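Peer 1: Below are the sequence and a predicted model for it; my questions follow.
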Amino acid sequence: MAMKRSILLYGFWISLKRGRAVLWTYALNLGIALLFSLRLHSQLSAMLDHSFASQGLVNGFDLGTLLEVNRHLALAPGGGIFRLFMGAVPVMNQSAGVTILFGLTYFLLVPGTLSVYQSGERARFSTLLHQGILYFWRFLRITIISAIAFAIVLGPLGFVCGKILDRLDEHVLGRNYFLCFLTCALLLLLIAAVLRLYFDLVETYTIQLGLRDDRRVRRALGPALHALRKNFFRAYGSFLLLAVLGYAALAVAMWIGVKGLAQPAVLPSFLVEQLGIFALFAARFWQRGAETALTLDYPIPIRNIHHEHAPIADAVPNPEPEVPSLPGPDLAVYRPEDS
């Protein structure tokens, strides 16, 4: 029988014990972001270092000046100040190179993290990288399958919501329309969270199969659905709670960063913003730990993994062979009448 322990607390323990995985992932993402932000820094320096208009950003927060700077940057290839995430982490990638690097970061470090979560190995960078290489193509296939599922489920729902909002736009205005729009957006987000949770479990079960030398991704689809169906409320509730905590920490950090934009020293704002980003990373890895705890409570039985390759037993076992008789001298048969 599966254990009914708290996946939230046990997941926190798993992610805390392998906390180096969070540090490595954050450090690598920050390094990539800073590397590709150097070009933007040079563009901003060329426009603002010797411009009186820059005083609107140095001595205060002038939204008009910021929009004008963004307009000039957008004219350049890969430009746009709003393509930076609080001045440090790019959200809208500036080139194909950063897209590839961020994709490699996901497909290498996430499988490695899930592997050390289940195997108990230390979260060394070499271990994460090695396990990520082993599971690279499997996670790529899962990503393709999840993209198709998201398109099939959310595409028609988004279309229906758009039609409803178009109808409401003709009769509802102001606050009521905004509430309707917010309701539709929240509904889509909640459904997307269910899909995201399911495919997270598929990835975690794929690691569990890989630790048993089974590379078939399709074998993880059924157990993930079974575990989610059996534990929907506690799994989904934990997923949403950690997501809210992570984005709330990021929002607070962004608010503090915006309040400090007009200060001469930008380092404190930068550190606070990075703390919020790290909190978002930590919440996501906590989610992964909770999902790992759930899959450990509901493991895939070994008999369901190898039964396709097991030899088929005979319906009627073969009788035991007769004991061969040893050759000996030709003895006469004794008869009573010979006596």
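Peer 2: All right, it came through fine.

Peer 1: Show me what the helix or strand in which residue 100 is found is packed up against.
Peer 2: Applying DSSP states H and E as the criterion places residue 100 in helix 96-119. Helix 96-119 is packed against helix 20-48, helix 125-134, helix 136-169, helix 175-210, helix 267-297, with contacts defined by 3 or more Cβ pairs under 8 Å, 6 or more residues apart in numbering; DSSP states H and E. All C-beta spots, glycine's among them, are computed from the backbone N, C-alpha and C.

Peer 1: Going by neighbour count, which residues in that helix are buried?
Peer 2: Of the residues in helix 96-119, 98, 101-102, 105, 107-118 count as buried by neighbour count, 16 or more other Cβ atoms under 10 Å.

Peer 1: Stretch 217-236 too?
Peer 2: Residues 217, 219, 220, 221, 223, 224, 227, 228, 231, 235, 236 are the ones in stretch 217-236 that count as buried (16+ other Cβ under 10 Å).

Peer 1: Just list the residues touching the closest residue to the fourth one other than its chain neighbours, thanks.
Peer 2: In this structure, residue 221 finds its nearest non-sequential neighbour in residue 202, 6.1 Å apart by Cβ to Cβ, 6 or more residues apart in numbering. Contact criterion Cβ atoms under 8 Å, 6 or more residues apart in numbering gives 142, 146, 217, 220, 221, 224 as the residues in contact with residue 202.

Peer 1: Adding pLDDT and distance to residue 16, write these out as TSV.
Peer 2: Output for the contacts of residue 202, formatted as TSV (pLDDT from 0 to 100; distance: Cβ to Cβ, whole Å):
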residue	pLDDT	distance to residue 16
142	94	26
146	94	28
217	90	29
220	92	26
221	94	30
224	94	24
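
Peer 1: Return the two entries of the residues you listed that lie farthest from one another.
Peer 2: Maximum pairwise distance among the contacts of residue 202 (Cβ to Cβ): 12.2 Å, between 146 and 220.

Peer 1: before we move on, back to that, to residue 240, which of the helices and strands packed on helix 96-119 lies closest?
Peer 2: With Cβ to Cβ as the criterion, residue 240 lies closest to helix 175-210 of the helices and strands packed on helix 96-119, at 6.3 Å.

Peer 1: pLDDT score for residue 28?
Peer 2: Among the per-residue scores, residue 28 holds a pLDDT of 88.

Peer 1: Neighbours of it, how many?
Peer 2: Applying other Cβ atoms under 10 Å, we find 18 residues neighbouring residue 28.

Peer 1: same thing with residue 140?
Peer 2: 13.

Peer 1: Same check on residue 242?
Peer 2: For residue 242, the count of nearby residues is 22 (other Cβ under 10 Å).

Peer 1: Now do the helix or strand containing it against helix 175-210: the angle between them, please.
Peer 2: According to DSSP H and E, residue 242 maps onto helix 232-259. Interaxial angle, helix 232-259 versus helix 175-210 (axes from the mean of the first three to the mean of the last three Cα atoms, to 10 degrees): 120 degrees.

Peer 1: Report the rounded mean pLDDT for helix 232-259.
Peer 2: Averaged over helix 232-259, pLDDT sits at 91.

Peer 1: okay if I get the helices and strands packed on helix 96-119 as TSV plus distance to residue 12?
Peer 2: Listed next are the helices and strands packed on helix 96-119 as TSV, based on distance: least, Cβ to Cβ, whole Å:
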stretch	distance to residue 12
helix 20-48	12
helix 125-134	20
helix 136-169	24
helix 175-210	16
helix 267-297	6
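
Peer 1: picking that back up, report the angle between the axes of the helix holding residue 242 and helix 267-297?
Peer 2: Inter-element angle recorded for helix 232-259 and helix 267-297: 170 degrees (by the same axes, to 10 degrees).

Peer 1: Show me what helix 232-259 is packed against.
Peer 2: Using 3+ Cβ pairs under 8 Å, 6+ apart: helix 232-259 touches helix 7-17, helix 175-210, helix 267-297.

Peer 1: at 10 Å what do you get?
Peer 2: helix 7-17, helix 175-210, helix 221-230, helix 267-297 (3 or more Cβ pairs under 10 Å, 6 or more residues apart in numbering; DSSP states H and E).

Peer 1: Buried deepest among those, which one?
Peer 2: Highest mean neighbour count of those: helix 267-297, a mean of 21 (counted as mean count of other Cβ atoms under 10 Å).

Peer 1: pull the CA atoms of the helix holding residue 100 into CSV?
Peer 2: Presented in CSV, the C-alpha positions along helix 96-119 are these (Å, rounded to 0.1, in the frame of the first residue of the first chain):
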residue,chain,number,x,y,z
ALA,A,96,19.0,32.1,-31.5
GLY,A,97,22.1,31.4,-29.5
VAL,A,98,20.5,32.3,-26.2
THR,A,99,17.5,30.2,-27.1
ILE,A,100,19.7,27.2,-27.7
LEU,A,101,21.7,27.7,-24.5
PHE,A,102,18.6,28.0,-22.3
GLY,A,103,17.1,25.0,-24.0
LEU,A,104,20.2,23.0,-23.3
THR,A,105,20.2,24.1,-19.7
TYR,A,106,16.7,22.7,-19.3
PHE,A,107,17.3,19.4,-21.2
LEU,A,108,20.5,18.7,-19.3
LEU,A,109,20.1,20.0,-15.7
VAL,A,110,16.4,19.1,-15.1
PRO,A,111,16.8,15.4,-16.0
GLY,A,112,20.0,15.4,-13.9
THR,A,113,18.2,16.9,-11.0
LEU,A,114,15.3,14.4,-11.1
SER,A,115,17.8,11.6,-11.3
VAL,A,116,19.7,12.6,-8.2
TYR,A,117,16.4,13.2,-6.4
GLN,A,118,15.5,9.6,-6.9
SER,A,119,18.9,7.9,-6.8
